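1. make a model of this:
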Amino acid sequence: MDRVFYGFSKALCWTFFKLYNRLNCGNPPKLPEGPVIVASNHCSNLDPVLVGVAFPRRLRYLAKGELFSIPVLGSIIRALGAVPVSRDDSLKRAAVLKKFIEFLQDGQSVLIFPEGGRSQDGKLQPLEAGVAYLAIKCCVPIVPAYVRGSHLAMPPGSSRIKPVRMSVSFGPLLDPLNFLSLSPNEARRRLLEQLIKELKTLGGEM
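-> Residues are numbered from 1 along each chain as shown. Okay, here's the model as predicted:
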């Protein structure tokens, strides 16, 4: 039932955004059999749904607990892979990292917004190092993703979706195995630098 409702919710959202926002989805790189970390820019509450619709696998991500109390939306985002997190937990970096490690070790791909919060102007903000830590610790590749247009379709503070064109693009797979010869700190730094470079190539500004 869960798989059926996931497929139904994904198809429903894809159809809505395709017709209403002319959503354009780029193809992700060839994916390995195991889990991956999708690392995306973030400037709207629409972003997790848009990336979830564009990506071929179900993604697990953390969302504010109050979103799950909204009729229909709560059921849809839960079906698309969202997991409720309390405001207290969302402020505790260790608690958030622990949840993502549990997902990855269970073989589930995750969606992370490494900016740590929504951009107010749609531009890419400096990235936090947690995404590189997770990739190195769990030896899981990163898929860079970039969402365009969502900050205009539904900016922070708005609850109404405007008919603005949106797109989701994916960059090449970033494999942590390429950095294992380095010290942990240097490996995380180099991997984060590569992620920033790919996000900027996809369309971000810092």
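
2. which residues of this structure score low on pLDDT?
-> Residue ranges of the chain with pLDDT under 70: 1, 86-91, 204-206.

3. in it, which spans are strands?
-> 24-25, 37-40, 61-64, 82-85, 110-112, 142-148, 167-170 (DSSP state E).

4. partners of the residue nearest the centre of the chain in the sheet?
-> In the chain, the residue lying closest to the centroid (C-alpha atoms, centre = their mean) is L111, at 3.4 Å. Beta-bridge pairing for L111 (DSSP bridges): V38.

5. isn't it right next to S40, touching?
-> Yes - L111 lies in contact with S40 (C-beta atoms under 8 Å); the separation is 6.6 Å. Just so you know, the C-beta spots here come from the backbone N, C-alpha and C atoms, and that holds for glycine as well.

6. which neighbours do the two share?
-> By C-beta atoms under 8 Å, 6 or more residues apart in numbering, L111 and S40 have these common neighbours: V51.

7. still on that earlier bit, give me whichever of the strands of the chain is most buried.
-> Of all the strands of the chain, strand 37-40 has the most neighbours on average by mean count of other C-beta atoms under 10 Å, namely a mean of 26.

8. please save the CA atoms from it in PDB.
-> The C-alpha trace of strand 37-40 is given here as PDB (Å, rounded to 0.1, in the frame of the first residue of the first chain):
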ATOM      1  CA  ILE A  37      23.000  11.400  -1.100                       C
ATOM      2  CA  VAL A  38      21.100  14.000  -3.200                       C
ATOM      3  CA  ALA A  39      22.400  17.400  -2.300                       C
ATOM      4  CA  SER A  40      20.300  20.300  -3.500                       C
END
